[in-house]
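Sequence plus the predicted model coming up.
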Amino acid sequence: MMLQRMKNNIDASCEKESLDWTWSHNEASIDFPKFGNGTERHSDFRVTLTWRDIEEIMKAMANKNHEGALRAQRALHLANAIEDLFRNSN
């Protein structure tokens, strides 16, 4: 995930990438310690996502015809159909 400072001044922009995910029961978090440069440094940001956030991101990407998101949607629909089939066969 990429964390970027959004500013009008391009010279003051900053970005940092991290793949250091922390998982808990209902959410995933990623920390960006010591984010920023010089006087613009505002340390220790965290981005937290829930499954609903991930579903909305996948939906938005699928709406833009992102092949990976479309495949993931098809796989989830297939998995749900299989679970329904087994649930109804008992």
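On my side now, so go ahead.

Let me know how buried Glu55 is, in neighbour terms.
13 (other Cβ atoms under 10 Å). In short, each C-beta sits where N, CA and C put it, glycine included.

can you pull out the strands in the protein?
Counting by DSSP state E, residue ranges of the strands within the chain are 2-4, 15-17, 21-23, 27-32, 45-50.

from those, which stretch is densest packed?
Among the strands of the chain, strand 27-32 has the highest mean neighbour count (mean count of other Cβ atoms under 10 Å), at a mean of 16.

So which of the strands of the chain is nearest Glu56?
Closest to Glu56 of those, according to Cβ to Cβ: strand 45-50, at 9.6 Å.

elements contacting that closest one?
Using 3 or more Cβ pairs under 8 Å, 6 or more residues apart in numbering; DSSP states H and E as the contact test, the elements touching strand 45-50 are strand 27-32.

Quick check: the gap between the residue nearest the centre of the chain and Glu15.
The structure's the chain has its C-alpha centroid closest to Ile54; by Cα atoms, centre = their mean the separation is 5.5 Å. Look at Ile54 and Glu15: by Cβ to Cβ, to the nearest Å, they are 22 Å apart.

same check, this time on Lys64
Separation of Lys64 from Glu15 (Cβ to Cβ): 22 Å.

Considering the strands of the chain, which stretch scores lowest in mean pLDDT?
Ranked by mean pLDDT, the strands of the chain end with strand 2-4 at the bottom, a mean of 66.

Which pLDDT value belongs to the residue lying closest to Ala72 once chain neighbours are set aside?
Taking Cβ to Cβ, 6 or more residues apart in numbering, and ignoring the residues beside it in sequence, Ala72 has Met58 as its nearest neighbour in space, at 5.7 Å. We have a pLDDT of 91 for Met58.

so Met58 makes contact with Gln73?
Yes. Using Cβ atoms under 8 Å, Met58 makes contact with Gln73 at a distance of 6.5 Å.

Brilliant, that's me finished.
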